[in-house]
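*Asks:* using only what follows, build the 3D model:
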Amino acid sequence: MMAIALLGVPATAQASFHFIKVREVYVGDVAHPDSEYVVLQMYAAGQNFVQNHKLTEYDCTTSCTAVDTTFAASVPNGQNQRTILLASSEAVTQFSITADAVLPSGSLELANGAVCWATEQPTPLDCVSWGNYAGTNAALAGTPVDQPTDGKALQRTIAPNCATMLEAADDTNDSATDFAEASPTPRNNASPITETLCPPHNTTAPSISGTPLAGQTLSCAKGTWTGSPPISYAYSWLHDGVAVTGETASTYVVRSADRGHAIKCRVTASNAGGQSTATSTAVVIKSPPRNTSPPEITGTPKVGKTLSCSRGTWTGSLPITYTRQWLRDGAPIAGATGASYVAKPADAGKFIRCRVTAHNAAGQSSKTSAAVKVT
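*Replies:* Next up is the predicted model:
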């Protein structure tokens, strides 16, 4: 095991080193075979406490060998997306860079190699392999990426989720998926952070669930969002496109005034990169039936003649069903519930009406026709 000196102050207390990935590996080139470096990158703040943790470089050209390099001190800068550069003296010269730590010359193999971070842990936190590597921790690295062509580095792609910064989603534990060739860009711990946060972006719109009736509770699912974590979500409810004052929870109790109107929920997603809003499709709150033109009796009001009852005109949420009841001097006539009624001898001299009751999911309402006198 080799301890590597770092530029920085020793950590008085261990914080975190877990949210670090291998970002870039350079294994040298024909003209500079020992010009090698590894860039580690943090994907959360406060991950600069790397003292006593180690990077292991594996070489399986013939028999597999490993070189352990242990950090003697932590690095000073721990902002999210900060990098740590381990480089050989040849790489320092070739790229005119200042390394945070010295990488032993010749520890990275061109054809069949790998590197793993935090190998002092029961399971290393990150590994990448290339060529035909099949040695220690090969399963953690997945399928090896092709060995780089001369003068190229292997660089982790950061396309998943936010394409402009390193995140946990950028590691699928498969080197062939996670890495690709790129021009060498060694960055040390003092290098400016070039990654930028992605503001939230909605990929699946919010949606409303629940029964759209007065007194019932609707729920707003926030939908699906991409963007740099952490993302927070705020809710508002809209009545015909206008925000309902005070309604900022993910649930909403439908009001009587909402009947017949369109209700939507709007979700605002926010992170350090900005904010974005998305709105659900509308849910129309069901309204009970309301009569706008009363039922009407037609036909000759004589004993033995048939009377008919129109249902009148109604508004309200569809579907609406209708029932009828015939009345003699205001009292229900037993069994007389059809759209027509044959006047009986008992009706002579009496006033006949028909009452229509309209039903839907929001409720029911009744309206009675004008009376006709049977002769």
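
*Asks:* can you tell me how far the nearest residue to residue 259 once chain neighbours are set aside is from residue 323?
*Replies:* Spatial nearest neighbour of residue 259, excluding adjacent residues (C-beta to C-beta, 6 or more residues apart in numbering): residue 287 at 3.9 Å. Backbone N, C-alpha and C define where each C-beta goes, glycine included. Distance from residue 287 to residue 323, counting by C-beta to C-beta, to the nearest Å: 19 Å.

*Asks:* counting neighbours, go ahead and name the busier of these two.
*Replies:* Applying other C-beta atoms under 10 Å to residue 287 and residue 323 shows that residue 287 carries more neighbours, namely 20 against 14.

*Asks:* what pLDDT does that one get?
*Replies:* Per-residue pLDDT puts residue 287 at 94.

*Asks:* do residue 70 as well
*Replies:* Among the per-residue scores, residue 70 shows a pLDDT of 89.

*Asks:* count the residues that sit near the closest residue to it other than its chain neighbours.
*Replies:* Using C-beta to C-beta, 6+ apart and skipping residues adjacent in sequence, the residue nearest residue 70 is residue 54, 4.2 Å away. Counted with other C-beta under 10 Å, residues neighbouring residue 54 total 21.

*Asks:* check residue 123 too.
*Replies:* Per other C-beta under 10 Å, the neighbour tally for residue 123 reads 10.

*Asks:* check residue 293 too.
*Replies:* Neighbours of residue 293 under the rule other C-beta under 10 Å: 11.

*Asks:* just residue 254 next, same as before
*Replies:* By the criterion of other C-beta under 10 Å, residue 254 has 22 neighbours.

*Asks:* I'd like the numbering to begin with 91 instead of 1 from here.
*Replies:* Okay, residue one is now 91; in that scheme the one you just asked about reads as residue 344.

*Asks:* contacts only, for it.
*Replies:* By C-beta atoms under 8 Å, 6 or more residues apart in numbering, the contact set of residue 344 is 302, 303, 304, 305, 306, 307, 308, 353, 375.

*Asks:* domain parsing for the protein?
*Replies:* Structural domains of the chain, as assigned by automatic domain parsing, span the residue ranges 92-272, 291-374, 380-463.

*Asks:* winner for burial among those domains?
*Replies:* domain 92-272 (a mean of 19; mean count of other C-beta atoms under 10 Å).

*Asks:* please enumerate the helices of this protein.
*Replies:* Ranges of helices in the chain, per DSSP state H, are 179-185, 228-231, 265-268.

*Asks:* so which of these gets nearest residue 278?
*Replies:* helix 179-185 (10.2 Å; C-beta to C-beta).

*Asks:* for the closest one, name the packing helices and strands.
*Replies:* Applying 3 or more C-beta pairs under 8 Å, 6 or more residues apart in numbering; DSSP states H and E, one finds that helix 179-185 contacts no other helix or strand.
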